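[1] Here's a sequence, model it:
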Amino acid sequence: MTHSFALHIPDADLEPEPLDPEQIVSGNPEVTGKVVWESADGRQIRGIWQITPGVVTDTEADELFVVISGSATIEVAGGPVLRVGPGDMAVLRAGDRTTWTVHKTLRKAYAMNVGSA
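    So this is what the prediction gives:
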């Protein structure tokens, strides 16, 4: 999108995003998402992401997100345990190794920076 816009996040249609089976610790979590804006160089991404209950691991990008619905516990290796739910904002650092325990289907809006500056 090249113009300013508004989007109602709870009703946004999302597309399936394959989850690497090696990331799944337990359960049968499914991921969906939608990129709503991306910079010309691909280093800045804004979007919506959703995951159903289960436990998964990830290596994070530089990200700020706000939880719209659902809840999860995010364990950052060598760092804090983040408990997030509706209205919570969280920041993850690039390279953080995380374990997400999703208690209730979680939907978030995010702003992510990828690659080197």
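[2] what sits against Ser39?
    Ile45 (C-beta atoms under 8 Å, 6 or more residues apart in numbering). Bear in mind the C-beta positions are built from the backbone N, C-alpha and C, glycine included.
[3] What are the boundaries of the strands in this protein?
    Secondary structure of the chain by DSSP state E: the strands cover 15-16, 24-27, 31-38, 44-51, 54-59, 62-76, 81-84, 89-92, 97-113.
[4] And the residue nearest the centre of this structure?
    Central residue of the chain (C-alpha atoms, centre = their mean): Trp49, 5.1 Å from the mean position.
[5] quick one: Glu15 from Pro53, how far?
    20 Å (C-beta to C-beta, to the nearest Å).
[6] okay, the two: which has more neighbours?
    Pro53 (18 against 9; other C-beta atoms under 10 Å).
[7] The more buried one is in contact with Thr105, isn't it?
    Yes - judged on C-beta atoms under 8 Å, Pro53 makes contact with Thr105 at a distance of 6.5 Å.
[8] Does Trp49 touch Thr105 like I think?
    No - judged on C-beta under 8 Å, Trp49 makes no contact with Thr105 at a distance of 11.4 Å.
[9] Any stretches of this protein with poor pLDDT?
    Along the chain, segments meeting pLDDT under 70 span 1-2, 116-117.
[10] tell me the contacts of Glu75?
    81-82, 98-99, 101.
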